[in-house]
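Novice: Structure for this input, please:
(one chain, ligands or ions: 1)
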Amino acid sequence: MKTSFRGFITSSQLLGATSAACGLSFGLLGIIESQYYSPGSLAALMYGFGLYSVLGAFGGFLLALFFGGRYRIDHKAYLRFTCRLAIWPAAMFILAAGSYLVYRDAWNESLGSAGLTGWLLLLLVPVAALVWGFFANSFGHLVVSRPKGWAIGLVVIGLLGTAFASDFEKEWKIPDLKKEPDTTQSGPPVVFIVVDALRADVVDQKLTPNMYAFSKDAVVYRQAWSAASWTRPSVASIMTGRYPFRHRTIHKTDRLPSGLPTLADLLKKAGYVTLAAVTNVNLDPVFGLGRGFDTWAYFSDRPFLQAPPSARRLFIVEVYRLFRLKFFPGARDVKHYYAPGEKIVEQFQRFCSPLAKSQRQFFIYLHFMEHHDPYFAHPYSGEAVARVETPNPGLDRADELLNLYRQEVKHFDGLFAKLISYLKKGGLYDRALIVVTSDHGEEFADHGGFWHGTTLYQELVRVPLFIRFPNGVGAGSVFDEPVSLTDLMPTTLKVVNAQKQAGLDGQALSPTMAPSKRVIITEEDHQGCVLTAVRAGPYKLIRANADNPRKLEQLELYDLSVDHTESKNLVASETELGQELVRVMDSMANNTVDKSQDAAVKPEQVEIDSATQEQLRSLGYTE
Ligand SMILES: [Zn+2]
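Specialist: The predicted structure is shown next:
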């Protein structure tokens, strides 16, 4: 039906035309903005166009409803009105969003205070708005011929685009097991279950009955140390059997150097199918820890408004997020911070039995985020405390935060029970090597702070470690000798009879023999705190950089056999012992196992894109 420009214009034509003009205009802005963050991303493009065009169409509709009455008859005025609606709200949007983006991306982050470039960029914003006005005029002309068709079509395409883009989520793909080459490898399946930020002292019969039951069926290491107190260096140590100063994956922008062999590399060489499902942004594929895995599925958080991760920084999404957090703090959703463990459990169930039936040897690494902040109340009520919004809680909030954390611990224990039941159903429980541990602990004002990553006290580096060796060999043994998570790689290689690796810091643990007595270390260079701790027998020495933001003493010495809470610093009274441990610490750093090998490992940095940056920020990883 052609619309005549003479005579009467119906109100539905007016509403349709203004909705369509405004929607098209905003949709195009959505495309431009989404490509500014994530160039080339189809999901971001569809989402940006979809969300903005629907919002624009809705806004245009409302404006026409309120202000359009007096234009109903005159077709010239009608055209003018429609065109203006395509121009002015969009131009105002450019002014608002553009100024915000310049402030956020240029001024605030890289240019410091108002540098010349910052001012020039800001001046560009009104110019862009004017240019927009010039072009956007055509949208009005475009839509007046078929106003309602355009409006309905635009909204439908917008909604479909948004919905489709929101669903761009990776499923965990199992390699085609039939196509894999046959192998004579006869080692057992290997399952690593790593739960982020789980303190060793909260795992007990009452709070975590399922994990406790598993520990009775496994070998328990009561003095296991993570190699660092935040995720990336700690997991890199698990995967390489080396301390952070040797794998050089220490800082926020570091990725695992390409020369280093990983556990997955070696198991793959030994004929294993290697699979991982992880939910911590520090394990995003860009950081290189997925090397050697056939499938490394990183399940991301879901930003607000169902945005795909590539479109999480859109102005509207950010405004909505700030609005929600400010006015509805009790209505949080775990998906906005990380992928809930249910997602991994569901995927694990999907292919646990095909894998078991395939007779292929496989290595599965699962990494859960439940104990990491934000700490959610359970059952989920939307109540939570997040590091990003509460970086320095008052010490009087320790009980409140610990209580929430314990609810998360209990909640995860239910998921853990499911994992174990799938392993049992698949006939894998008995024949597999099953490792359950955490990458570091968590602090609740034990030493005057919260969260993790800035100290090396026991609440942060002592982690649960339960290993069920194939056929339950050694089950029920409990060892108190200090061990390190760097031991997991050599232990696994030994159990699967893979070739032994030279130059590892870790040592193979045996299910039947106590770990050998040795000195172990853990380190940290995070958020301004450069720390090393060494453990020798009952003694622990921690060295900190001067002027560290946590205001830690430069040297602390504790006797853990009598001082579990590390409250009595012996460095002044036990001077000789302190000096001896400093020497041990320095000699470990200077005389590494294999100097030439270490020299070949060059640190590698990654450019972190804005979406990953934002995810890191939302979990409190700021620097
Ligand atoms: Zn972690």
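Novice: ok, the closest residue to the ion within the chain to Val334 distance?
Specialist: Residue of the chain nearest the ion, by Cβ to the ion: Thr231 (3.2 Å). Bear in mind the C-beta positions are built from the backbone N, C-alpha and C, glycine included. Between Thr231 and Val334 the computed distance is 18 Å (Cβ to Cβ, to the nearest Å).
Novice: more crowded one of those two?
Specialist: Here Thr231 and Val334 are set side by side on neighbour count (other Cβ atoms under 10 Å), and the busier one is Thr231, at 28 against 20.
Novice: Would you enumerate the residues in contact with the closest residue in space to that one that isn't next to it in sequence?
Specialist: The spatial neighbour of Thr231 that comes closest, neighbours along the chain excluded (Cβ to Cβ, 6 or more residues apart in numbering), is Asn282 at 4.1 Å. Listed by Cβ atoms under 8 Å, 6 or more residues apart in numbering, the contact partners of Asn282 are 230-232, 235, 616, 621.
Novice: Could you look up the SS state of Asn282?
Specialist: The three-state label given to Asn282 by DSSP: H, G, I helix; E, B strand; the rest coil is helix.
Novice: swap in Thr532?
Specialist: When states are read from three-state DSSP, the local structure at Thr532 comes out as strand.
Novice: swap in Tyr320?
Specialist: When states are read from three-state DSSP, the local structure at Tyr320 comes out as helix.
Novice: so it touches Gln306, yeah?
Specialist: No - assessed by Cβ atoms under 8 Å, Tyr320 is found out of contact with Gln306, at 10.8 Å.
Novice: is it fair to say Pro329 lies in a helix?
Specialist: No - Pro329 sits outside any helix when classified using three-state DSSP, being coil.
Novice: Determine the number of other residues adjacent to it.
Specialist: By the other Cβ under 10 Å criterion, the neighbourhood of Pro329 contains 14 residues.
Novice: what do you get for the one 4 residues further on?
Specialist: Burial of Asp333 is recorded as 15 neighbouring residues (other Cβ under 10 Å).
Novice: So what's the predicted local confidence for it?
Specialist: What the model reports for Asp333 is a pLDDT of 82.
Novice: gap between it and Val278?
Specialist: Distance, Asp333 to Val278, using Cβ to Cβ: 20 Å.
Novice: Phe245 sits in which helix or strand?
Specialist: If you go by DSSP states H and E, Phe245 is part of helix 244-247.
Novice: cool, and Trp132?
Specialist: Assessed by DSSP H and E, Trp132 sits inside helix 116-143.
Novice: Now do the buried residues in that helix.
Specialist: Burial within helix 116-143, assessed by neighbour count using 16 or more other Cβ atoms under 10 Å, is assigned to 118, 121-122, 125, 129, 132-133, 136-137, 139-140, 142-143.
Novice: so how far is it off the chain centroid?
Specialist: 36 Å (Cα atoms, centre = their mean, to the nearest Å).
Novice: What distance do you get for Leu198 to Pro482?
Specialist: The separation that Leu198 has from Pro482, given Cβ to Cβ, amounts to 18 Å.
Novice: neighbour count winner among these two?
Specialist: In this view Leu198 and Pro482 are compared by other Cβ under 10 Å, and Leu198 has more residues nearby, 28 against 22.
Novice: so that one sits in a helix?
Specialist: No - counting by three-state DSSP, Leu198 is located in no helix; its state is coil.
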